[in-house]
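Asker: Build me a structure from this.
(4 chains, ligands or ions: 4)
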Amino acid sequence: MSAVAGQGQGQGETSPPAIELVGIDKRFGPVHANRDINLRVEKGTIHGIVGENGAGKSTLMSILYGFYQADSGMIRVAGREVNIRSSDDAIDAGIGMVHQHFMLVEPFTVLENVMLGVEGGALLTRGIAKVRGELKRLEREYALEVDPDAVVGELPVGLQQRVEILKALYRGAETLILDEPTGVLTPAEADHLFRILAQLKAQGKTVILITHKLREIMAITDAVSVMRRGEIVSTVATRETTPEQLAEAMVGRRVLLRVNKAPAHPGRELLSVENLTFRDSQGVTRLSDVSFGIRAGEIVGIAGVAGNGQSELLEVIAGIRAPSSGRIAVAGQETAGTGRALLPAELRGCGLAHVPEDRHRMGLVTAFEENENAILGYHRDPAYGGGPFLSRNAVRDDARKRIEQYDIRPPNCRLKTANFSGGNQQKIVLAREMERDPQVLLVGQPTRGVDIGAIEFIHRQLIAMRDAGKAILVVSVELDEVRALSDRILVMFDGRIVGERMPDADEQEIGLLMAGMDSKAAA
Amino acid sequence: MSSPIPAGPDRKASGDGISAATAEKPKALARPAPDKLPAWADYALLPLINVVAAFVVSGLAVLMVGANPLEAVKIMVFGALGYGEGVGFTLFYTTNFIFAGLAVAVAYHSGLFNIGAEGQAYVGGLGATFVALALDHFLPWYATVPIALVAACVFGAAWAFIPAWLQARRGSHIVITTIMFNFLANALMVWLLVNYFIQPGTMDPASRPFTEGASIPKLGGLFSLFGADLGAAPLNLCIFLALIAAVFVYVLIWRTKLGYEMRTVGLNPTAAVYAGISTSRIIIITMLISGALAGLLALNPVIGDQQRLQLNFVNGAGFVGIAVALMGRNHPVGICLAALLFGMLYQGGAELAFDMPQVSREMILVIQGLVILFAGALEHMFRPGLTRAVNMISTPQRRRMVEAGEASR
Amino acid sequence: MNAADFLDVVNATLRLSTPLILAALAGLYSERSGIVDIGLEGKMLAAAFSAAVIAALTGSAWLGLLGGIAASLVMAMIHGYASISLRGNQVVSGVAINFVASGLTAFFGQAWFGEGGRTPQLPMTARFGEIDFPGAQAVADVPVLGLVYSHFISGHNLLVYFAFLAVPATWWVVQRTRFGLRLRAVGENPAAVDTAGISVAWMRYRALMLTGLLCGVAGTYLSIAQSAAFTRDMTAGQGYIALAALIFAKWKPWPVLWTCLLFGFLDALSIRLQGVVVPGIGAVPVQAIQALPYILTMILLAGFIGKAIPPRAGGMPYVKER
Amino acid sequence: AEVSPAVIYDIGGKHDKSFNESAFAGEEQFKKDTGIGYHEFEIQNPSQYDQALRNFARRGYQPIIAIGFSQAQALEKVSKEFPKIQFGIVDATVDAPNVRSLVFREEEGSYLVGMLAALKSETGKIGFVGGMDIPLIRKFACGYVQGAKAVNPKIEIFQNMVGTTGDAWNDPVKGGELAKSQLSRGADVIYTAAGASGLGAMQAAADAKKYSIGVDSNQDDLHPGSVLTSMVKHVDTAIYSANMDMKDGKWTGGAKVLGLKENGVGYTSDQYNKDVLTADMKSKADEAKAKIISGEIKVHDYTADNSCPM
Ligand SMILES: Nc1ncnc2c1ncn2[C@@H]1O[C@H](COP(=O)(O)OP(=O)(O)OP(=O)(O)O)[C@@H](O)[C@H]1O
Ligand SMILES: Nc1ncnc2c1ncn2[C@@H]1O[C@H](COP(=O)(O)OP(=O)(O)OP(=O)(O)O)[C@@H](O)[C@H]1O
Ligand SMILES: [Mg+2]
Ligand SMILES: [Mg+2]
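Answerer: Ligands and ions are numbered 1, 2, ... in the order given. Have a look, this model is predicted:
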């Protein structure tokens, strides 16, 4: 019958859409990740999908790729209804996907990764030969150079992504899904990726591109769908829309990218970092000779593509990792340098607070009750109980106050933290770190996975702290956010600070710096 | 192999509990769905169901050998509770299991799976024995026992220290190392007993019997006040020590800053580091406490009962602790109850052998294993069904949860 | 130590390392697939019992072998159900299986044969006897080669040869076959395997079946090849030694062979040194030798001699939807 | 006194094909002859020793016979608690008026089988596999050595003990390994005094088509043609007569030392070993037996001074 449906489809139209999703619905426990999604992707086009974090983009694509199962709904590929129960079915249907988080076996070679699942026979030997040949061909056709015998774990992300694309193509994908591919790429790498996509399109293949970055959408997509809160709110031809319209559709109302704030009145230097260098356990240099200072009453933003040392910078200053060399001083007191580098607990004592980049991994214990998380890191504070003891009442009263002030919902300090939404979880962390009125505040990804309402709230809080004369260091992958918040912007590339700009500097220029090329050199 | 992985009271996490072994870096809790089981069902009903399941399966085994399971249960229950001496023995075993269960549970809250309680108790007995042999001629019991108690703790803790150190500083998986330390403890004790403690001319490797100077008063007298006759049951003051230990553990885990840090390390080591908690320090402290509790266990059989150091006197109690902790959901109250259940099993099982020869005492080992299986490894088997059932009854509770989810919108 | 002693120790080493090799390889399949398995001991024990019982009842060693494998497989599948399907705690499941096996075998043994959990002595015909290779006697006196052939190569039972062939076989499977590739992958990053269109659960179940099979042979060897009956807890911790060996061998087939031979040798030695008094030193502390495998493994674990890096996904249940 | 016998086997279990089993046989015999049933319990862990004794004593059973030296300490306690109940113990002496201690001159029986071994051996090498390394077992070994040397002064005797703990009684694999090592070193007769571990040793001897000597009960039927003989220790008759004495009101406490004279120990010759145990071997052994009984031959008892002259 599906065949019949297919013909029914096929007639009339010139060619059926490459992909057609009908009434897709998906829940994760309480999360309604996808609500009755209907989507048509025409053959031979690049179709963009934009949406905030948590909008449901990845979920939708994972369903199309058979990684998750939809609770209800139907999928048509090239007009024929297909029943996709596993990635296997999707691959058979000619769908390939490059996941937001790569699906690679790191100790394996590129070759092994590509052939995994399509070994062509119970023995590997023949398969290996075949894959080599194929890789050569694909390399020529799409300029996807990568050494087949390199161990994937040792490749830079850019190349790892190529391996993912190769995997898909090797499996004969007609439709290629890329989930936020540029998040980890330098502009240069991104450009290369886009050339590849254009190439694929020229070959008649279909591409679905997920991203938050409107610039990319406008640059290469033919059509674009906007997701919000698990629904598709609009699908339009790219040339008929503007970034502003898209942004509005994404967040449901006009975004004010500029946070209106009074000019800063910097005071004495509260955080100073001198010649900071950090090598990780593998001996790889993550930070080399980083120096900067932040004065009271100013916000300094760090711009940079993820993975260029921002995370390490935060963690070293916060005492989570010990610097290899260099000096750090908080509020005039040396915290790292000649002597032993102070530990996180001691640093809090010095008036340093830290909102970590990843609240799930570091900022919270999601299995704790909200009130227990509200004291994480400050639990030794005598206010929470004398001597070795911890007073529940003291802790909970305190937590209730915060919930009040920071409008954390639901207002229940006994609720398990995992059951708060991302945005509210972020508020729990912010409340905890801001409340102790620190001299220096480190903030990583202040609004990652946070809804627009919460974004504004959080931004306002940060500005307020600045105006209260604190020194604030903001790290964010969202350039717009950095520009909106900062009084000064430091650009990081490959573990070093490659430039300082004012927030109103030309975006292109900052982008080039982030890509590691000096504006003059580029010019 | 690096810092241990969450395996705390939130048993969902236990899947990662052991990846302490393996995980390169800590992984977030794996949680099939937000846990929506109300506490009463979670902490009472579910364990009950698991135990029942264990009993049913063992019942089948009993049937297979042509015995009547119900009859067996009758005999066991009578043997365990039917008369004074039975009760005495039941509580005597219970004492051991409380200590063992607490030892396992404390480690568990820091995400550590201590399979080494057996060995730690064994070595703890060595400490107690040294003190007893040295002082029993000179001091009264109330002077000797406290010192022996400290020695037992110290020796038990010391035996736990090396695996702890290896886990904390070298990232060696504590499950593997504690297993091996059980074997090492055994080798060590055999060697000592056979070569040093054994009485010349006697046949079995055991220390010389202690005098009154190293004994712990039996509770026979106390019970006789209430008209109960414990007969010759070795039940002694240690049971109160066990209850005190249970209270201690409760306070430690949920009412102290150290306990808070332990649970943080157990549930999210990365967050612990961020919070300025030294995971390796917590791992070592935790294992020292755990080992000390296991060491305490030794007092009961060595000084409280046999009054001499014997080969293999722990005789599995340390392993029972695993079952007890799992069944008691790592909470002291649950542990005491679970320990009582196993105490009854051990005593009742012994009686069974008198009246139902074809049902040997190994049955208890089976039940013990099945409890660990159902309450531990298969805990997700009944949970979903139960959750559905319970939520059908109490729908409002479920709605609240969803609202929690939608709240942010 | 004269020639006779030497031959004796070498052969004892082969005999004693056989079950270790089988069990360690069994563990290799499981752990390489990302399922931690400390239940080797229990699976071996169950196999040893059921093999002995069935051999006793049917008088056929081969049926005994099948019975042993079947019992072990059941245990393996329980472990699989708990840790793959229900995503339970793999260590806990392993511990449970060890208890259940030790309990059930002794329980049924006692109930059925009433010999303190021991099964009836088996006649030669119901066991795997030693096989003398053609011409073994003839060349026995030919120096070196003939000696090696007649004393070491020839004259073991079938399962010993099986064990030693299982090593290259395993290496080949893991390194050269599709199954092996997927096995290694699923132990490192199950999500990658899943998105490659392969069922993670099925892969792991198949790995556990192999584990069950090999543990089955190991147990069978103990009860109806190495000895002639099942006795209570006759594995006596060999499952754990095998686990230690597996770690010591860093989860690789060939090193598994060497490690098991070493551990087997230590065992053979400790048995022979039992009660031996060395002039000067006095009685040899046998316990020390018996403890050596554990101590060595611990030293390795402590990272003093190389580092044992286990399969990355080991011990973690594979969960797609948080 | 009213007789309702009870027996408490030691950890080896009542079917250890050794002295527990022999005790079992005795009770069975008594039951068969008198129709009086008996009660039994198998010890599984040390803390049960007292428990089992008391449990039976409280039920008023007697005589309550404890098998194995490991029960001595418990019996010492319990016999005092129940002065009216009559107890018995095998392989240990407990001096209490209401305890009959049954100890055997294992060295005498071992002496005879030692001779037989030496007579049988072609290689001039024989072996001994003991269970747990304790004086009692050394006593077996010592008698065995004396007997063997008496026949062939130059004979080489390998001695091994399975272990130093209770497990040593229940480890056939290890027993087998020890036997195999002795065989490979040329021994062709192996005497085992190792409870269930001995089974492994005898199996090894049978597999190697060599000879073994059983212990405690008659084990000749285990591997007919391979088991040369068994050094039986008549725990069965001792228990049987204990029950009988109780029944006939002739019960007495105190130690009973049972040697060849009292027919407490001896070697077996039956249809299973008739082919391997030649008439002239037997006559030599019986000759020595007579001399021992007459006191002409003194067999040294290891436990007397914890040393063996040879
Ligand atoms: N495996 C899962 N289990 C439970 N909830 C999930 C799971 N995956 C996603 N979610 C939830 O579903 C919603 C949609 O998630 P999804 O990853 O699709 O968003 P997204 O649009 O891809 O966001 P991002 O831009 O950050 O990738 C979120 O609320 C998220 O918390
Ligand atoms: N891993 C998880 N475990 C349990 N519940 C979860 C999980 N992830 C999400 N939820 C539930 O889903 C709800 C939505 O979470 P999610 O993070 O998707 O919020 P969101 O849609 O991103 O909103 P926000 O913009 O505030 O982040 C939460 O309230 C929580 O109850
Ligand atoms: Mg996504
Ligand atoms: Mg979110």
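
Asker: CA atoms for contacts and neighbours, from now on please.
Answerer: Noted.

Asker: and the gap between C:Gly129 and chain A?
Answerer: Distance from C:Gly129 to chain A, counting by CA to the nearest CA, to the nearest Å: 36 Å.

Asker: Say whether chain A is contacted by stretch C:159-174.
Answerer: No: remark: stretch C:159-174 sits outside contact range of chain A, by CA under 8 Å from any CA of the partner chain, the gap being at least 9.0 Å.

Asker: Would you mark the buried spots in that stretch?
Answerer: For stretch C:159-174, a neighbour-count test (16 or more other CA atoms under 10 Å in any protein chain shown) marks C:Leu159, C:Val160, C:Ala163, C:Phe164, C:Ala166, C:Val167, C:Thr170, C:Trp171, C:Val173, C:Val174 as buried.

Asker: near chain D, anything from that stretch?
Answerer: No: residues of stretch C:159-174 contacting chain D under CA under 8 Å from any CA: none, with a closest distance of 15.6 Å.

Asker: on that earlier part again, nearest to ligand 1 among the buried residues of stretch C:159-174?
Answerer: Within the buried residues of stretch C:159-174, the smallest distance to ligand 1 is 31.2 Å, found for C:Val174 (CA to the nearest ligand atom).

Asker: Could you check which helix or strand contains that closest one?
Answerer: In this structure, C:Val174 sits in helix C:158-176 according to DSSP states H and E.

Asker: how about the residues of chain B near chain D?
Answerer: By CA under 8 Å from any CA, the residues of chain B that approach chain D are B:190, B:194, B:201-205, B:232, B:306, B:311, B:313, B:315, B:353-354, B:361.

Asker: Which residue is the nearest non-sequential neighbour of the residue in the stretch 101-250 of chain B positioned nearest to ligand 1?
Answerer: Distances between the stretch 101-250 of chain B and ligand 1 by CA to the nearest ligand atom are smallest at B:Gly111, namely 23.3 Å. Nearest in space to B:Gly111, with sequence neighbours left out and distances taken as CA to CA, 6 or more residues apart in numbering or on different chains, is B:Gly266 at 4.0 Å.

Asker: Retrieve the pLDDT associated with the one you found.
Answerer: At B:Gly266, the predicted lDDT confidence score is 93.

Asker: Pull the number of nearby residues for C:Met298.
Answerer: By the criterion of other CA atoms under 10 Å in any protein chain shown, C:Met298 has 24 neighbours.

Asker: and it, that one's in a strand?
Answerer: No: counting by DSSP: H, G, I helix; E, B strand; the rest coil, C:Met298 falls outside a strand, being helix.

Asker: now it: how far from C:Lys252?
Answerer: Remark: distance between C:Met298 and C:Lys252 (CA to CA, to the nearest Å) = 18 Å.

Asker: can I get the CA coordinates of the strand or helix carrying B:Ser224 in CSV?
Answerer: B:Ser224 belongs to helix B:220-225 when assigned by DSSP H and E. Output of helix B:220-225 as CSV, limited to C-alpha atoms (Å, rounded to 0.1, in the frame of the first residue of the first chain):
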residue,chain,number,x,y,z
GLY,B,220,20.7,-13.5,78.2
GLY,B,221,20.4,-11.9,81.5
LEU,B,222,18.8,-8.8,80.1
PHE,B,223,16.2,-10.7,78.2
SER,B,224,15.4,-13.0,81.1
LEU,B,225,14.1,-9.9,82.9
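
Asker: Can you classify A:Val22 as helix, strand or coil?
Answerer: strand.

Asker: tell me the contacts of the residue lying closest to B:Arg281 once chain neighbours are set aside?
Answerer: Nearest non-adjacent residue to B:Arg281, counting by CA to CA, 6+ apart: B:Ala168, 7.5 Å away. Shown in contact with B:Ala168 (CA atoms under 8 Å, 6 or more residues apart in numbering or on different chains): B:Ser3, B:Thr279, B:Ser280, B:Arg281, B:Ile283, B:Ile284.

Asker: top of those by neighbour count?
Answerer: B:Ser3 (29 neighbours).

Asker: Would you mind listing where chain A has pLDDT under the threshold?
Answerer: Chain A contains residues with pLDDT under 70 at A:1-14, A:30, A:53, A:183-184, A:186-187, A:251-259, A:449, A:451-452, A:516-523.

Asker: What parts of it come near ligand 1?
Answerer: A:Phe28, A:Val31, A:Ala33, A:Glu52, A:Asn53, A:Gly54, A:Ala55, A:Gly56, A:Lys57, A:Ser58, A:Thr59, A:Gly449 (CA under 6 Å from any ligand atom).

Asker: tell me the two of those residues that are most distant?
Answerer: A:Phe28 and A:Glu52 (17.8 Å; CA to CA).

Asker: circling back to that earlier point, quick one: which of the buried residues of stretch C:159-174 is nearest A:Gln445?
Answerer: C:Val174 (42.9 Å).

Asker: Fine by me, thanks again.
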